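Student: When you get a sec, could you give me coordinates for this:
(2 chains)
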Amino acid sequence: MRSSRTTAVLAVLLLVFGITACGSGSSSSDGKTLTYWASNQASSLDADRQILQPELAKFEQQTGIHVNLEVISWPDLLNRILAATTSGEGPDVVNIGNTWSASLQATGALQPFDDATLAKVGGKDKFLASSMAATGAPGQPPAAVPLYGLAYGLFYNKKLFADAGVAPPKTWQDLVAVAHRLTDPGKGQWGVGLEGASYTEGAHFAFMFGRQHGAQLFVNGEPGFDTPQMVAGVSQYVDLLTGGVVNPSDAEHENDTEMLRDFAAGKSAMIMVQNYATAALKTDGMDESQYGVVPIPVPDPLPAGGAKVSSHVAGIDIAAFANSKNPDGALKLIDFMTGVDEQKVLNGKLGSLPVVTQAYQDPQFQTPLIATFRGVLADAAESMPMIAQESQFETLIGTSVKELLAQAAGGTKIDAAAVQAKLTAANEQMRTGG
Amino acid sequence: MSLPATQRRGRVGGPPDDPPRRARTRRRRIPAKRWFPYVLLVPALLAELAVHVIPMLVGVWMSVQQVNQFTLRNWTRAPFIGLDNFALAARLSSPAGQQLLRSFTTTVVFTVLVVVLCWLLGLAAAVALQKPFPGRGVLRTLFLVPFALPVFTAVITWRFMLQRDTGLVNRVLVDGLGLFDDKPFWLVGPNSFVSLVVVMVWRVWPYAFLTITAGLQSIPDELYEVAEMDGAGPWQQLRRVTLPMLRPVNRVLLLVLFLWSFNDFTVPYTLFGAAAPPDADVLSVHIYQSSFVTWNFGLGSAMSVLVLAFLLVASAIYMLFSGRRAEHA
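Tutor: Next comes the predicted model:
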């Protein structure tokens, strides 16, 4: 009896302790090889490999350094980087989402780009100033340099607009009015399509629209999520759904697949999405001639203290791991990838925006579409808060927006007080570090 | 628990005409025999240490350290902060504490529902398929399919089926049966809890079915024959023969189901993503979000340790209680 009880207790212990750990990485020491973790930018990991491999072969031809490429999907990338950070065993060069810059900078895992280091990759002025703003906390040497540029735009269906006799909106009020004109639930047609269950999208729009109303998300490190300006900004986003111009079902879209498919199928007349969507829309059967893109309009007149923010500075940065055993090689690869020639090739194939000014002289980037995105990125974009706790901020605000949209879709009335309550809870949690 | 030497000799039955040689052999072999099983166990024990025990101890250690983005790189030298993480996680006046409590309540209700439903379904199906009939093998195989499918693939399929506009579930419930006027949401809002329970039960009940089926094999047919002669109907046979005989099996089965549902991460994460709706925000996903998504590994570890303590206490009480009942039975 005793032994069976002991066995049972042991079995319980083993079952309860169902915790696993993982983490791996590789590095090179001979100066002739590099490990590069690339993010997934094309339609599949394999497509990324096919685009990057020939370019890395060019790099090997020029420098004699062989690059071991691994393309990592977005859901895994941050976990892989964190594992490499804790173990000290990681790649030499890595792509990061630029909103992670300040957080990863705080870990000390990335090689800081002080002036001397920046000079080795062509200097600060080589890059677009706005993209350069999303490479780390202000006042510190950047943790990365920009690689691919992205910006939000308002995509509209030309045919639906022409049929209704409306023009692309120039102000936010215009956008709402046009959206009402184009909404016909009976026909399954809606004014605007949203990615309602994505907390990252929710955080982006809360930031952008909050800034339009003059919100300051962090003042001297103190969060200010529940100011009247933030409430107004978040309400501006949620009101699209409560106002009836968005299909309530959009509240369950966790990624962009359904939103883009609905737009390509003419079920929604407008979507607010980053320029990478052009490639996906082509896959969904919508030709570039069938849609137009304008900057996401801002309220007119702008609320007091408000800024003309039509996008956050979106994009991908490239960084060198501080533990790299081949730091010179790592910088050479970063210089190569951000060189004018490679910027033309890579951004051309990936549908992103060059981050070096000179690359825009190439005719392929002089289309009206690219001009719109470039204009937004250069003149109407602010970077998300570059603070070490960025991911907490994004999770807390984004989850609040997601929950508000879900409630609205379920028929709950969402007024300013409801928005305020959610944001106050998020603010409190940010403040107490919970 | 080794047998006395005399008994063992009797069992082995060595040649009786050569006692000195036999004694020599025994002296040499017994220690080796004793140790051999333990030597065989060493690799498994090492693996167990590496995969479960050491990470668990590291997790406990992390719960008293301040491990976040600032200390991650040298996490072995992160500042010691004692029980601060626990205080933050358990302080019910703070939003983090309230959310943890809500998540805990959700998880408990979820677990109870899943365990009860899985056990009932498993028992019903196992009893129904107890007696041989044509097609029994096919049905058994069919019932086991959800358990055999890769979790991710199966749950992604559910995700598609549960979509409001294009999902099969609403197609059947709303368009087919006309049960609702307006299409309900299944992936956001209050119904997300229902979806989670249904998908989890669908996924795990075959295990209950399998275990109970195996348990039924060991019940002698004579018992049923005697019961039948005494005039017991199917219901009474179930209550008076099947259930008491299944008690040892159920004891372990219920515990396993409880731990699986309480700890399951893959189903809610695949169904809802990193930010689950508040109604379906079970502890595993909640803790994942508190550590991996927001980089606060110390706080996440403290929450995990609290869960671990709860599961240990709950399991220990259960084993003690059910053990005593089994002894008295």
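
Student: Count the neighbours of A:Leu82 for me.
Tutor: Neighbours of A:Leu82 under the rule other Cβ atoms under 10 Å in any protein chain shown: 22. For every residue, glycine as well, the C-beta is placed using N, CA and C.

Student: List the residues that contact the nearest residue to it once chain neighbours are set aside.
Tutor: Distances taken as Cβ to Cβ, 6 or more residues apart in numbering or on different chains put B:Leu72 closest to A:Leu82, at 6.8 Å, once the chain neighbours are dropped. Going by Cβ atoms under 8 Å, 6 or more residues apart in numbering or on different chains, B:Leu72 touches A:82, A:85-86, A:107, A:109, B:295, B:297.

Student: rerun at 10 Å
Tutor: For B:Leu72, the contacting residues are A:82, A:85-86, A:103-104, A:106-109, B:78, B:295, B:297, by Cβ atoms under 10 Å, 6 or more residues apart in numbering or on different chains.

Student: Could you check how far A:Lys308 is from chain B?
Tutor: Separation of A:Lys308 from chain B (Cβ to the nearest Cβ, to the nearest Å) stands at 30 Å.

Student: so when I look at that residue, I'm seeing a helix, right?
Tutor: No: with DSSP: H, G, I helix; E, B strand; the rest coil as the criterion, A:Lys308 is located in coil rather than a helix.

Student: wouldn't it be in contact with A:Gly375 here?
Tutor: No: between A:Lys308 and A:Gly375 there is no contact under Cβ atoms under 10 Å: 11.6 Å.

Student: Now the spatially most central residue of chain A. Nearest residue, chain neighbours left out?
Tutor: The centroid of chain A falls nearest to A:Ala314 when counting by Cα atoms, centre = their mean (5.2 Å). Nearest residue to A:Ala314, sequence neighbours excluded (Cβ to Cβ, 6+ apart): A:Leu150, at 3.8 Å.

Student: Then A:Asn323?
Tutor: A:Asn323's closest residue in space is A:Gly88 (Cβ to Cβ, 6+ apart), at 5.2 Å.

Student: domain assignment for the chain?
Tutor: As the question left the chain open, I've gone with chain A. A:33-150+A:313-382, A:152-312+A:386-433 (the TED database).

Student: Wait, chain B was what I had in mind.
Tutor: Taken from the TED database, chain B resolves into B:53-90+B:296-328, B:103-293.

Student: pLDDT (mean, whole number) over the longest one?
Tutor: Okay, so that is domain B:103-293. What domain B:103-293 shows for mean pLDDT is 93.

Student: State the distance spanning the first to the last residue of that domain.
Tutor: When the termini of domain B:103-293 are compared using Cα to Cα, to the nearest Å, they are 17 Å apart.

Student: ok now that domain, how far from the chain's centre?
Tutor: In terms of Cα atoms, centre = their mean, to the nearest Å, the centre of domain B:103-293 is found 12 Å from the chain centre.

Student: now do the shortest one
Tutor: Taking Cα atoms, centre = their mean, the mean C-alpha location of domain B:53-90+B:296-328 is offset from the chain mean by 19 Å.

Student: Hmm, A:Gln389 is touching A:Ile397, no?
Tutor: No: the criterion here is Cβ under 10 Å, and A:Gln389 misses it with A:Ile397 at 11.7 Å.
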